[in-house]
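Enquirer: Below is the structure, and that's it, no one-letter string:
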Ligand SMILES: Nc1ncnc2c1ncn2[C@@H]1O[C@H](COP(=O)(O)OP(=O)(O)OP(=O)(O)O)[C@@H](O)[C@H]1O
């Protein structure tokens with residue numbers, strides 16, 4: 001079966017069970033899936049479990065490959081995870097950092113002759129090729145986030161896991177980055193999973209969404225199917241509607257918040 005599936009995902013922090021025997025997927029190949037849910041609902045924990053970065057008894061498969069049986073180095077080649085934290089502000093040129101990421105993903109001796117042009121091309125697709133010769137420790141937070149995405153994309157994974165990749169970006173870059181991620185996902189038939197807070201971006205840019213509440217999946221499917229007045233009330237505690245704009249695209253209008261628990 002094509003796509004990413006995970007079964008029996010259980011994650012505990014100390015005595016606290018955050019995810020209890022969760023199953024998710026298949027998250028389709030060639031499409032962007034968004035993990036949604038309020039703060040603390042378990043999105044990052046689930047993403048880290050998919051990446052193999054949490055101790056969990058889960059079985060994680062991508063197509064025929066069983067990721068959960070792979071050695072960490074091999075799994076990391078299949079599956080690139082970009083954490084919420086920005087890439088470190090080290091004194092390294094942007095271009096070097098992207099080339100280093102590409103080399104880390106390719107087996108030794110399998111580096112391509114045109115790695116410089118490949119790295120520049122990824123930076124150009126994200127609209128930041130003008131930063132190529134700048135140093136990471138001289139960049140703004142948003143610029144570093146874009147370079148982090150370039151480092152992830154240049155590794156050409158089968159599975160791309162992005163934790164809030166838009167958090168430091170301006171409005172233009174939020175949309176342009178999602179367009180690049182969608183395009184790359186389709187072109188390479190990747191499974192892309194993105195943790196998002198912006199439900200309007202999820203409605204317009206994700207193909208598939210999984211909504212979590214307190215570590216439990218309350219809905220999975222197309223954004224229009226999952227993001228509804230009922231789930232917004234139940235999961236986010238807001239009174240809201242999903243309307244169509246003048247171009248017919250869906251967007252969330254919030255009328256108020258429910259009384260606190
Ligand atoms: N290292 C940790 N140690 C203990 N508890 C943790 C740890 N990391 C996360 N948790 C707890 O696990 C739960 C899920 O956290 P997680 O970061 O997965 O949520 P999230 O949905 O990604 O939240 P946010 O939207 O705020 O980033 C939270 O209650 C959190 O406090």
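Expert: Good, I have the coordinates. Everything numeric in this text was worked out from a predicted model, so none of it was measured. Numbering: from 1, shown residues only.
Enquirer: C-alpha only now, for contacts and for neighbours.
Expert: Will do.
Enquirer: Just the helices from this structure, written as ranges.
Expert: For the chain, helices defined by DSSP state H occupy the ranges 43-51, 72-78, 94-105, 115-125, 141-153, 171-188, 199-205, 223-226, 229-236.
Enquirer: and the first one, what's its mean pLDDT?
Expert: On average, the pLDDT along helix 43-51 is 96.
Enquirer: Figure out which of the helices of the chain is closest to residue 17.
Expert: helix 43-51 (11.1 Å; CA to CA).
Enquirer: who in the protein is up against the ligand?
Expert: 13, 18, 38, 39, 40, 41, 42, 43, 44, 45 (CA under 6 Å from any ligand atom).
Enquirer: and the closest residue to the fifth one other than its chain neighbours, how far is that from residue 13?
Expert: So that's residue 40. Nearest residue to residue 40, sequence neighbours excluded (CA to CA, 6 or more residues apart in numbering): residue 214, at 7.1 Å. Noted for residue 214: a distance of 14 Å to residue 13, by CA to CA, to the nearest Å.
Enquirer: Please apply the same query to residue 246.
Expert: From residue 246 over to residue 13 (counting by CA to CA), the distance is 46 Å.
Enquirer: go on, residue 36?
Expert: Distance of residue 36 to residue 13, computed by CA to CA: 21 Å.
Enquirer: who's more crowded, those two?
Expert: residue 36 (26 against 10; other CA atoms under 10 Å).
Enquirer: who's in contact with the spatially closest residue to that one that is not a sequence neighbour?
Expert: What sits nearest to residue 36 in space, not counting adjacent residues and going by CA to CA, 6+ apart, is residue 211, at 4.6 Å. By CA atoms under 8 Å, 6 or more residues apart in numbering, the contact list for residue 211 reads 35, 36, 37, 217, 218, 219, 220, 226.
Enquirer: Closest one to the ligand out of those, please.
Expert: Each of these was checked against the ligand using CA to the nearest ligand atom; the closest is residue 37, at 6.1 Å.
Enquirer: What's opposite the residue lying closest to the closest one once chain neighbours are set aside in the beta bridge?
Expert: Distance criterion CA to CA, 6+ apart; nearest residue to residue 37, sequence neighbours excluded, is residue 212 at 4.9 Å. Note on residue 212: beta-bridge partners residue 217, judged by DSSP bridges.
Enquirer: what's the spacing between residue 212 and residue 115?
Expert: Distance of residue 212 to residue 115, computed by CA to CA: 40 Å.
Enquirer: who has more neighbours, these two?
Expert: Shown here are residue 212 and residue 115; by other CA under 10 Å, residue 212 has more neighbours (21 against 16).
Enquirer: doesn't residue 42 make contact with the more buried one?
Expert: Yes. Contact criterion CA atoms under 8 Å: residue 212 and residue 42 qualify, at 7.0 Å.
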